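Participant: Predicted model follows, preceded by the sequence.
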Amino acid sequence: MPLKHITKIIVFFLILIPLVGGCKKQKAANPVLAYMKNSTLTYDNKEQRDNIFEAMKDILFLSKEDLELRRYKDPSGKEHQWDMKTLFKHHFKPNRPDVVLDEEDFYDYVRADSVKSIATDILHTY
């Protein structure tokens, strides 16, 4: 193969490889953040409010592994019944039908600074 053709092939790949690398699928926005922003926080009594507050504090201070193991009271007050995802689904009511809590990688997303910011706002607002 002549050197001229080899040079063209090398140049082609030097241009193509960065272009293909730049076409990687970008990571989607944080679904936990979207769920919290597009939902209304609800609770029926002080005990439920305190339970939510406990979860918000846990978001700020616990590791992903600890959050995965953590259990909260159910609405009747029975200890160690609900994981954080269940607590969110019960107390954060979506404002639109298309707002759903994506459970895949929930505990990775819930540890994001943007979610921690909302947790802090909840602790200061309610």
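Facilitator: Thanks, I have it.
Participant: Look at W82 and say how many residues are nearby.
Facilitator: Neighbour count of W82, defined by other C-beta atoms under 10 Å: 20. Where you see a C-beta, it was placed from the backbone N, CA and C, and this is true even at glycine.
Participant: Would you list the phi and psi of it?
Facilitator: Backbone torsions of W82, given as degrees, to the nearest 10, read phi -110, psi 140.
Participant: And it, how close does it get to F106?
Facilitator: Taking C-beta to C-beta, to the nearest Å as the measure, W82 falls 13 Å from F106.
Participant: cool, and I52?
Facilitator: Noted for I52: a distance of 16 Å to F106, by C-beta to C-beta.
Participant: mind listing what the residue most central in space within the chain touches?
Facilitator: The residue lying closest to the centre of the chain (C-alpha atoms, centre = their mean) is Y109, at 2.7 Å. For Y109, the contacting residues are N30, P31, V32, L33, D102, V115, by C-beta atoms under 8 Å, 6 or more residues apart in numbering.
Participant: please redo it, this time with the cut-off set to 7 Å
Facilitator: Y109 is in contact with N30, P31, V32, V115, counting by C-beta atoms under 7 Å, 6 or more residues apart in numbering.
Participant: which residues in the protein form helices?
Facilitator: Ranges of helices in the chain, per DSSP state H, are 3-21, 31-37, 46-61, 64-69, 84-91, 106-109, 113-125.
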